[in-house]
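In: Take this sequence and fold it.
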Amino acid sequence: MTEKTEKEPPAGSGPDAIDELRGQWRRERPDLDPAHLDAMALVGRIKRADHLLSKGMKKVFTEYGLEFAEFDVLATLRRVGAPHELTAGGLLKTAMVTSGAITNRLDKLERKGLIERRPDPTDRRAIRVRLTAAGLDLVDRAVVDHIANEERMLAALTPADRTALDRALSRLLVSLGDTHLG
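Out: Numbering: from 1, shown residues only. Next up is the predicted model:
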(Lines give C-alpha, C1' and ligand atoms only; values in the text may rest on other atoms or scores of the structure.)
Protein backbone atom coordinates (compact mmCIF):
# COMPACT_ATOMS: atom_id res chain seq x y z
CA MET A 1 0.00 0.00 0.00
CA THR A 2 1.44 3.36 -0.99
CA GLU A 3 0.78 6.61 0.78
CA LYS A 4 -0.58 9.58 -1.07
CA THR A 5 1.70 12.57 -1.00
CA GLU A 6 -0.98 15.01 -2.12
CA LYS A 7 -4.10 15.62 -0.11
CA GLU A 8 -7.37 15.21 -1.93
CA PRO A 9 -9.57 18.29 -1.76
CA PRO A 10 -12.31 17.96 0.85
CA ALA A 11 -15.75 17.02 -0.39
CA GLY A 12 -17.65 20.08 -1.45
CA SER A 13 -14.64 22.22 -2.27
CA GLY A 14 -14.02 23.72 -5.68
CA PRO A 15 -16.43 25.09 -8.25
CA ASP A 16 -19.96 23.75 -8.48
CA ALA A 17 -22.56 23.79 -11.27
CA ILE A 18 -23.81 27.21 -10.18
CA ASP A 19 -20.33 28.71 -10.63
CA GLU A 20 -20.47 27.54 -14.23
CA LEU A 21 -23.91 29.11 -14.74
CA ARG A 22 -22.82 32.39 -13.17
CA GLY A 23 -19.77 32.43 -15.46
CA GLN A 24 -22.01 31.98 -18.48
CA TRP A 25 -24.14 34.96 -17.41
CA ARG A 26 -21.04 37.08 -16.86
CA ARG A 27 -19.76 36.17 -20.31
CA GLU A 28 -23.07 36.69 -22.10
CA ARG A 29 -24.35 39.67 -20.11
CA PRO A 30 -21.37 41.62 -18.71
CA ASP A 31 -23.76 44.53 -18.14
CA LEU A 32 -25.56 42.69 -15.31
CA ASP A 33 -24.56 43.75 -11.81
CA PRO A 34 -22.29 41.04 -10.32
CA ALA A 35 -24.08 41.41 -6.96
CA HIS A 36 -27.36 40.53 -8.68
CA LEU A 37 -25.73 37.51 -10.27
CA ASP A 38 -24.51 36.53 -6.80
CA ALA A 39 -28.12 36.67 -5.56
CA MET A 40 -29.20 34.53 -8.51
CA ALA A 41 -26.40 32.09 -7.70
CA LEU A 42 -27.40 31.84 -4.04
CA VAL A 43 -31.06 31.16 -4.86
CA GLY A 44 -29.90 28.62 -7.46
CA ARG A 45 -27.75 26.87 -4.86
CA ILE A 46 -30.64 26.71 -2.39
CA LYS A 47 -32.90 25.20 -5.06
CA ARG A 48 -30.26 22.71 -6.26
CA ALA A 49 -29.44 21.73 -2.68
CA ASP A 50 -33.15 21.12 -2.04
CA HIS A 51 -33.36 18.93 -5.14
CA LEU A 52 -30.24 16.92 -4.30
CA LEU A 53 -31.15 16.53 -0.62
CA SER A 54 -34.67 15.39 -1.59
CA LYS A 55 -33.18 12.86 -4.00
CA GLY A 56 -30.86 11.58 -1.27
CA MET A 57 -33.69 11.31 1.28
CA LYS A 58 -35.90 9.40 -1.15
CA LYS A 59 -33.56 6.40 -0.90
CA VAL A 60 -34.19 5.97 2.83
CA PHE A 61 -37.94 6.50 2.58
CA THR A 62 -38.17 3.91 -0.21
CA GLU A 63 -36.57 1.34 2.13
CA TYR A 64 -39.57 1.84 4.41
CA GLY A 65 -42.15 1.78 1.62
CA LEU A 66 -42.82 5.50 1.98
CA GLU A 67 -42.72 8.64 -0.06
CA PHE A 68 -41.37 11.84 1.50
CA ALA A 69 -44.89 13.29 1.80
CA GLU A 70 -46.08 10.18 3.66
CA PHE A 71 -43.11 10.29 6.01
CA ASP A 72 -43.87 13.96 6.64
CA VAL A 73 -47.40 13.13 7.81
CA LEU A 74 -46.19 10.27 10.02
CA ALA A 75 -43.40 12.40 11.49
CA THR A 76 -45.81 15.27 12.17
CA LEU A 77 -48.17 12.97 14.05
CA ARG A 78 -45.24 11.41 15.94
CA ARG A 79 -43.72 14.68 17.11
CA VAL A 80 -46.97 16.13 18.50
CA GLY A 81 -46.81 13.49 21.24
CA ALA A 82 -49.32 10.98 22.53
CA PRO A 83 -51.92 10.18 21.42
CA HIS A 84 -50.13 11.08 18.11
CA GLU A 85 -53.23 12.65 16.70
CA LEU A 86 -54.23 15.85 14.89
CA THR A 87 -57.19 17.06 12.92
CA ALA A 88 -56.87 16.86 9.15
CA GLY A 89 -56.88 20.68 9.23
CA GLY A 90 -53.98 20.68 11.69
CA LEU A 91 -51.99 18.46 9.34
CA LEU A 92 -52.85 20.74 6.45
CA LYS A 93 -51.35 23.74 8.26
CA THR A 94 -47.96 22.05 8.65
CA ALA A 95 -47.78 20.60 5.14
CA MET A 96 -47.96 23.68 2.88
CA VAL A 97 -50.08 21.78 0.33
CA THR A 98 -53.71 21.75 -0.78
CA SER A 99 -56.45 19.94 1.13
CA GLY A 100 -56.71 17.53 -1.81
CA ALA A 101 -53.02 16.62 -1.45
CA ILE A 102 -53.46 15.94 2.26
CA THR A 103 -56.50 13.76 1.52
CA ASN A 104 -54.47 11.72 -0.98
CA ARG A 105 -51.63 11.28 1.53
CA LEU A 106 -54.05 10.20 4.23
CA ASP A 107 -55.81 7.77 1.88
CA LYS A 108 -52.48 6.07 1.06
CA LEU A 109 -51.38 5.91 4.69
CA GLU A 110 -54.75 4.54 5.79
CA ARG A 111 -54.60 1.82 3.11
CA LYS A 112 -51.15 0.88 4.44
CA GLY A 113 -52.56 0.63 7.97
CA LEU A 114 -50.28 3.38 9.29
CA ILE A 115 -52.97 5.90 10.30
CA GLU A 116 -56.64 5.82 11.16
CA ARG A 117 -59.25 8.53 10.69
CA ARG A 118 -62.22 9.08 12.91
CA PRO A 119 -64.77 11.81 13.53
CA ASP A 120 -63.78 14.48 16.06
CA PRO A 121 -66.03 13.96 19.12
CA THR A 122 -66.21 17.71 19.77
CA ASP A 123 -66.70 18.95 16.19
CA ARG A 124 -68.82 16.96 13.73
CA ARG A 125 -67.18 18.77 10.78
CA ALA A 126 -63.65 17.71 11.73
CA ILE A 127 -61.79 14.45 11.22
CA ARG A 128 -59.05 13.31 13.59
CA VAL A 129 -56.01 11.47 12.22
CA ARG A 130 -54.02 9.17 14.50
CA LEU A 131 -50.98 6.95 14.09
CA THR A 132 -51.71 3.25 14.40
CA ALA A 133 -49.30 1.05 16.35
CA ALA A 134 -47.79 0.00 13.00
CA GLY A 135 -47.44 3.65 11.96
CA LEU A 136 -45.75 4.58 15.23
CA ASP A 137 -43.33 1.65 14.93
CA LEU A 138 -42.52 2.48 11.30
CA VAL A 139 -41.90 6.19 11.84
CA ASP A 140 -39.76 5.49 14.92
CA ARG A 141 -37.54 3.16 12.88
CA ALA A 142 -37.48 5.36 9.76
CA VAL A 143 -36.57 8.56 11.60
CA VAL A 144 -33.36 6.99 12.92
CA ASP A 145 -32.18 6.10 9.41
CA HIS A 146 -33.45 9.44 8.07
CA ILE A 147 -31.35 11.41 10.57
CA ALA A 148 -28.27 9.27 9.85
CA ASN A 149 -28.79 9.89 6.13
CA GLU A 150 -29.07 13.65 6.68
CA GLU A 151 -25.84 13.57 8.71
CA ARG A 152 -24.15 11.75 5.83
CA MET A 153 -25.41 14.28 3.29
CA LEU A 154 -24.18 17.21 5.42
CA ALA A 155 -20.76 15.67 6.15
CA ALA A 156 -18.97 18.22 3.93
CA LEU A 157 -19.98 20.99 6.34
CA THR A 158 -18.09 21.65 9.56
CA PRO A 159 -20.09 22.26 12.73
CA ALA A 160 -19.39 25.99 12.32
CA ASP A 161 -20.58 25.85 8.69
CA ARG A 162 -23.79 24.14 9.78
CA THR A 163 -24.45 26.72 12.49
CA ALA A 164 -23.81 29.65 10.15
CA LEU A 165 -25.95 28.15 7.38
CA ASP A 166 -28.75 27.30 9.82
CA ARG A 167 -28.81 30.86 11.17
CA ALA A 168 -28.64 32.44 7.71
CA LEU A 169 -31.45 30.27 6.34
CA SER A 170 -33.55 30.96 9.42
CA ARG A 171 -33.17 34.72 8.88
CA LEU A 172 -34.10 34.25 5.21
CA LEU A 173 -37.20 32.21 6.06
CA VAL A 174 -38.35 34.78 8.63
CA SER A 175 -37.82 37.60 6.11
CA LEU A 176 -39.97 35.66 3.63
CA GLY A 177 -42.78 35.34 6.18
CA ASP A 178 -42.21 31.74 7.32
CA THR A 179 -42.53 32.40 11.03
CA HIS A 180 -44.95 29.68 12.18
CA LEU A 181 -46.55 26.48 10.95
CA GLY A 182 -50.09 27.78 10.63
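
In: Please identify the helix or strand for R118.
Out: Using DSSP states H and E, R118 falls within strand 115-120.

In: list the contacts for E110?
Out: Contacts for E110 (C-beta atoms under 8 Å, 6 or more residues apart in numbering) come out as 116-117. (Glycine included, C-beta is placed from N, CA and C.)

In: make it 10 Å
Out: 116-117, 129, 132, 135 (C-beta atoms under 10 Å, 6 or more residues apart in numbering).

In: Next: A17.
Out: For A17, the contacting residues are 44-45, 48, by C-beta under 10 Å, 6+ apart.

In: Do you know the pLDDT at T5?
Out: What the model reports for T5 is a pLDDT of 39.

In: which non-adjacent residue is nearest T179?
Out: Nearest non-adjacent residue to T179, counting by C-beta to C-beta, 6 or more residues apart in numbering: L173, 7.9 Å away.

In: what about the one you found, distance to I46?
Out: Between L173 and I46 the distance is 11 Å, computed by C-beta to C-beta, to the nearest Å.

In: Just list what the helix or strand that contains T163 packs against, helices and strands only.
Out: When elements are assigned from DSSP H and E, T163 belongs to helix 159-175. Secondary-structure packing of helix 159-175 (3 or more C-beta pairs under 10 Å, 6 or more residues apart in numbering; DSSP states H and E): helix 34-63.

In: quick one, the helix it packs on and helix 159-175 angle?
Out: Comparing the axes of helix 34-63 and helix 159-175 via axes from the mean of the first three to the mean of the last three C-alpha atoms, to 10 degrees yields an angle of 100 degrees.

In: show me what contacts the most centrally placed residue in the chain?
Out: Among the residues of the chain, the one closest to the centroid is S54, at 6.5 Å (C-alpha atoms, centre = their mean). Applying C-beta under 10 Å, 6+ apart to S54 gives the contacts F68.
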